[in-house]
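J.: Sequence first, predicted model second:
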Amino acid sequence: MKMIKNTVMLLALALSAPISAETTENPDAAPAAPATVEETASGVCAGCHSADGNSVIPMNPILAGQHAEYITKQLIDFKATETQPAKRNSPVMSSMVAALSQDDMKKLGAYYAKQKANPSQVATDADAKLIEIGKILYHGGNIENGVPACASCHGPNGSGIPPHYPAVAGQHAEYTLTQLNLFNTGDRGNDNQIMQKVLTRMSGQEKRAVSVYISTMR
Ligand code: HEC
Ligand code: HEC
């Protein structure tokens, strides 16, 4: 009888303690992320970007060979803080980075930068005209509507200039076109307005053309 009474008292104590409820809701609680970057990349991220970052799904960007600093910046920008919304809006990626620390993001940047890009996209004959238009725009811009040459920031071969200008060569055309449209509408606004300015006077055909051309660059 005495034992039961003690148990009940302990139970009552445990129930009145608010600690458990607080720890489950605490956003700073230790993330359940796997221990190594390799495990994260081949576990969590691989489903959409492939383990080595050579995504085969046109909507998901290829990360292999991208500059480490750029990748880390994007991961930081996808993450909302207690006081500020995410600088780059993507419901999918925001939930992916929620449990990552800045150190994880740095390591993931270094990991993908080390992987060899293996772009698999091949242009069809139907794309020939678009590629021609895109090539001229990429390397020379369009003086008539004031679009600057992409090459001046992303490099003549599309390998970018670290740390600020990302590599674009070989990227899926669908992903690139989506980003151009997001910059254009302002829905992607983590570029200090640089890309938003580039896009203001580009036609729909120019956006498609340059996206297809970029996918063929090696
Ligand atoms: C469910 C699919 C999915 C998973 C899982 C996923 N991603 Fe993504 N990721 C995307 C999509 C879609 C985008 C493009 C978002 C946009 O349109 O802005 C993206 C974009 C990115 C970008 C920006 C690339 C660029 O060129 O700007 C990085 C970096 C990235 N993901 C890293 C990761 C990492 C690291 C993980 C694992 C922790 C991960 N992703 C898991 C779908 C996914
Ligand atoms: C004045 C420099 C500049 C010029 C010119 C420029 N860009 Fe960019 N671009 C940037 C910067 C900076 C970023 C990275 C923004 C960020 O940090 O998120 C970027 C990002 C991008 C991205 C997103 C890459 C990714 O992986 O998500 C694409 C696509 C892109 N640019 C395409 C183009 C195209 C196409 C042109 C030519 C029509 C062009 N850019 C011209 C500076 C430039």
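T.: All right, it came through fine. Numbering: from 1, shown residues only. Ligands and ions are numbered 1, 2, ... in the order given.
J.: residue boundaries of the helices in this structure?
T.: Chain-ordered helices for the chain, with DSSP state H as the definition, fall at 2-16, 19-25, 37-40, 46-49, 68-78, 91-97, 102-114, 128-140, 151-154, 173-185, 194-199, 204-216.
J.: Excluding covalently adjacent residues, which one is nearest to the spatially most central residue of the chain?
T.: Taking C-alpha atoms, centre = their mean, the centroid of the chain lies closest to Gln74, which sits 5.4 Å from it. Leaving aside its sequence neighbours, Gln74 sits nearest to Arg88 (C-beta to C-beta, 6 or more residues apart in numbering; 6.4 Å). (C-beta placed from N, C-alpha, C; glycine too.)
J.: what pLDDT does the one you found get?
T.: According to the prediction, Arg88 has pLDDT 98.
J.: re the thing from before, can you tell me which of the helices of the chain comes nearest to Pro162?
T.: Shortest distance between Pro162 and these, using C-beta to C-beta, is found for helix 68-78: 5.8 Å.
J.: mind giving me the domain split of this protein?
T.: According to automatic domain parsing, the chain is divided into the following domains: 37-114, 125-216.
J.: does the first one come close to ligand 1?
T.: Which is domain 37-114. Yes. Domain 37-114 comes into contact with ligand 1 when judged by C-beta under 6 Å from any ligand atom, the residues involved being 40, 44-45, 47-49, 59-61, 63, 71, 74-75, 90, 92-93, 96, 108.
J.: Ok, which of the helices of the chain comes nearest Pro166?
T.: Minimum separation from Pro166 across the helices of the chain (C-beta to C-beta) falls at helix 68-78, 4.5 Å.
J.: counting contacts, what elements does the closest one pack onto?
T.: When contacts are defined as 3 or more C-beta pairs under 8 Å, 6 or more residues apart in numbering; DSSP states H and E, helix 68-78 packs onto helix 91-97, helix 102-114.
J.: to the chain's geometric centre, what's the distance from that helix?
T.: The gap between the average C-alpha position of helix 68-78 and the chain average comes to 7 Å, counting by C-alpha atoms, centre = their mean, to the nearest Å.
J.: Between helix 102-114 and that helix, find me the angle.
T.: 140 degrees (axes from the mean of the first three to the mean of the last three C-alpha atoms, to 10 degrees).
J.: List the neighbours of helix 68-78 that are in contact with it.
T.: Under the criterion C-beta atoms under 8 Å, 6 or more residues apart in numbering, residues 63, 86-88, 90, 93-94, 96-97, 100, 102, 105-106, 108-110, 112-113, 160, 162-167, 190 lie in contact with helix 68-78.
J.: ok, Arg208 - contacts?
T.: Applying C-beta under 8 Å, 6+ apart, the residues contacting Arg208 are Leu130, Ala173, Leu177.
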